[in-house]
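Colleague: Here is a sequence together with a model predicted from it:
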Amino acid sequence: MLRQRTLKSAISTKGVGLHSGRRVEITLRPAEPNTGIVFHRVDLPEVVDFPAQADLVGGTRMASVLQKGTARVSTVEHLMSALAGLGIDNLHIDLTAEEVPIMDGSAGTFVYLLRSAGIQEQAAAKKFLRVLKPVEVRESEGGDEKWARLEPYDGFALSFAIDFHHPAIDATANFAEIDFANDSYVKSIARARTFGFVNEFEALLAAGLARGGSLDNAIVMDEFRVLNTDGLRYEDEFVKHKILDAIGDLYLIGKPLVARYVACKSGHGLNNQLARALLADESAWELVSYESAVTAPKAYTREWKLA
């Protein structure tokens with residue numbers, strides 16, 4: 001059977017929060033079967049636990065933020081994306097500040113950390129959430145319309161369209177489609193970085209955001225071009241980062257999806273609405289396990305090698 005996974009050993013690193021600008025230490029620790037992904041704020045007078053669940057998302061401006069009362073864990077999406085991409089079900093994540101470190105702005109550093117700690121199968125069946133009928137959410141109308149949809153599919157695939165009306169972005173692909181039966185998360189998605197615009201920087205700072213942003217952890221653009229001297233990692237890095245974000249946001253559903261995700265101009269807010277809408281309609285999904293790799297979707301057997 002396909003089994004649940006955790007890490008072989010604990011591993012730690014330090015970094016800076018993209019929005020808070022605060023230094024933070026993060027420790028990833030193995031967890032027992034059926035624990036799920038749980039964040040812990042160990043810097044507070046009493047440790048606060050945040051299960052990685054869609055219904056705990058209390059903020060979605062520029063990041064996905066888990067919230068319990070006044071306590072928060074911000075910018076969880078890149079780490080969640082890496083966990084989904086490597087098939088890790090159970091993990092404790094200790095943080096010494098409110099924001100997950102941004103590292104290089106992608107999920108690549110987290111993939112490296114997780115693989116360095118080693119990935120271990122556990123004596124419990126891996127549970128998947130299989131979508132049985134389409135679920136869709138929409139915002140706005142006309143040219144401003146944004147939408148995201150999950151639909152039945154025997155695997156895991158994502159299609160995403162963006163429209164930023166910026167020369168540097170328009171010069172690249174505005175659409176990408178990934179099917180993990182054929183495409184590699186680590187090679188095709190994990191290294192895509194977050195991006196931002198110089199002309200929005202002052203407004204973001206005034207709103208308490210992007211205080212830790214730099215050319216080392218984001219693609220930065222002026223009115224015409226990319227300012228990073230090393231250019232882009234992928235020809236379609238912008239739209240691929242949106243796919244990376246979506247994978248992380250959707251993993252807050254709590255299980256790997258057997259489904260196809262299709263979106264146009266979606267973001268953290270719409271992704272969270274979609275996750276909540278799916279979970280609220282119990283006729284739209286079922287939990288399944290697979291007795292062998294032969295019966296499981298190829299998307300979940302071709303790349304999940306133990307590190």
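Modeller: Happy to help now that I have it.

Colleague: Ala246 in helix, strand or coil?
Modeller: helix (DSSP: H, G, I helix; E, B strand; the rest coil).

Colleague: Which residue, neighbours along the chain excluded, lies closest to it?
Modeller: Asn271 (5.6 Å; C-beta to C-beta, 6 or more residues apart in numbering). Where you see a C-beta, it was placed from the backbone N, CA and C, and this is true even at glycine.

Colleague: Assumed that neighbour was part of a helix.
Modeller: Yes. Asn271: assigned to a helix according to three-state DSSP.

Colleague: Would you confirm that it contacts Leu250?
Modeller: Yes. At 6.5 Å, Asn271 and Leu250 qualify as touching, with contact defined as C-beta atoms under 8 Å.

Colleague: dump the residue contacts of the most centrally placed residue in the chain.
Modeller: With distances taken as C-alpha atoms, centre = their mean, Gly248 lies nearest the centre of the chain, 1.8 Å away. Contact analysis of Gly248 by C-beta atoms under 8 Å, 6 or more residues apart in numbering lists Ser64, Val76, Glu77, His78, Leu79, Met80, Ser81, Ala82, Ala84, Ala107.

Colleague: Closest one of these to Phe195?
Modeller: Of all the contacts of Gly248, His78 has the smallest distance to Phe195: 13.0 Å, by C-beta to C-beta.

Colleague: So what touches the lowest-mean-pLDDT helix or strand in the chain?
Modeller: Using mean pLDDT, DSSP states H and E, the weakest-scoring helix or strand in the chain turns out to be helix 201-206, at a mean of 78. Contact with helix 201-206 is made by Met62, Gly196, Ala210, Arg211, Gly213, as judged by C-beta under 8 Å, 6+ apart.

Colleague: to the chain's geometric centre, what's the distance from the following helix or strand past that helix?
Modeller: Using DSSP states H and E, the next helix or strand after helix 201-206 towards the C-terminus is strand 219-221. Relative to its parent chain, strand 219-221 has a centroid offset of 20 Å by C-alpha atoms, centre = their mean, to the nearest Å.
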